Every structure is written in C-alpha cells, then in structure tokens.
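1. coordinates only, sequence not included:
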C-alpha cells in the first residue's frame, strides 16, 4: 500500500488541480453573488468544515447555554440570599439572648449595690467602722 517517495502519480495531482480550480471558482462566485452580510455566514460555514452545520443551530445552542447559565446563576443567588437571611435570623436570636443576659446581670449588680449599702449602714450604726 505504501508507495516509494520517488514515484509520482500524475493522475492524482491532475484531479487535485481540478478540485482546486473548482473551489477557487466557487469562492469567486460567492464573492460576486452574495452580499457582505451573508458572506460572513458563508465564511463561518467554511470554517466549520462543511459539515452542514448552520448558524441557526449554533444560535439555538448559544441561547440554550445562556438560559442554563442564567438558571444556574439564579439558583446560586437564591441560595446565597437564603443563607444571608438565615445568618441574620441567627444573629438576631443571639443578640436577644445576650441582651437578656445583660439585663439580668444589671439587676444582679443593682441588688449587690443595695446589699453593700445596707451592710455599710449596719456597720456605721454598730460603730465597728475603722
């Protein structure tokens, strides 16, 4: 199946030349017949390798990709907002607990001050004062 490198098959090169000429004529025809807006679409079609893929299919794919990305962004945003709301509620509960403790400690301090004053009065009245 392998040919020696020195052997040249002229029929193959002649057919390749014909194909090249036909492609060149087709390209010239496209340039002369098609407006510039559609020339861009033709160039994209040539870049895809001539698989028959049109730009409508790629537009649908791009729209689908955009839609999926948009939905994922919305889901992530919703999750973040829910987490922030949860943290806000937890922080408020902790702050309520801390403020109730402070109020009870303030009451305890006031009671201790009253007891201290009573002890000092008792000591002053009994004359044990230094």
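-> It's in. All of these numbers come straight from a predicted model, not from anything done at the bench. Numbers count the residues shown, from 1 in each chain.
2. use CA for all of it now, contacts and neighbours both
-> OK.
3. mean confidence for stretch 23-31?
-> In this model, stretch 23-31 has a mean pLDDT of 70.
4. all helices for this structure, in order.
-> Along the chain, counting by DSSP state H, helices occupy 10-33, 36-47, 55-126.
5. got those as TSV, with mean neighbour count columns?
-> Output for the helices of the chain, formatted as TSV (neighbours: other Cα atoms under 10 Å):
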stretch	mean neighbour count
helix 10-33	12
helix 36-47	13
helix 55-126	12
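6. out of these, which gets the lowest mean score?
-> helix 36-47 (a mean of 56).
7. would you mind measuring from residue 110 to residue 103?
-> Distance of residue 110 to residue 103, given as Cα to Cα, to the nearest Å: 11 Å.
8. overlap of the contact sets of these two?
-> Common contact partners of residue 110 and residue 103 (Cα atoms under 8 Å, 6 or more residues apart in numbering): none.
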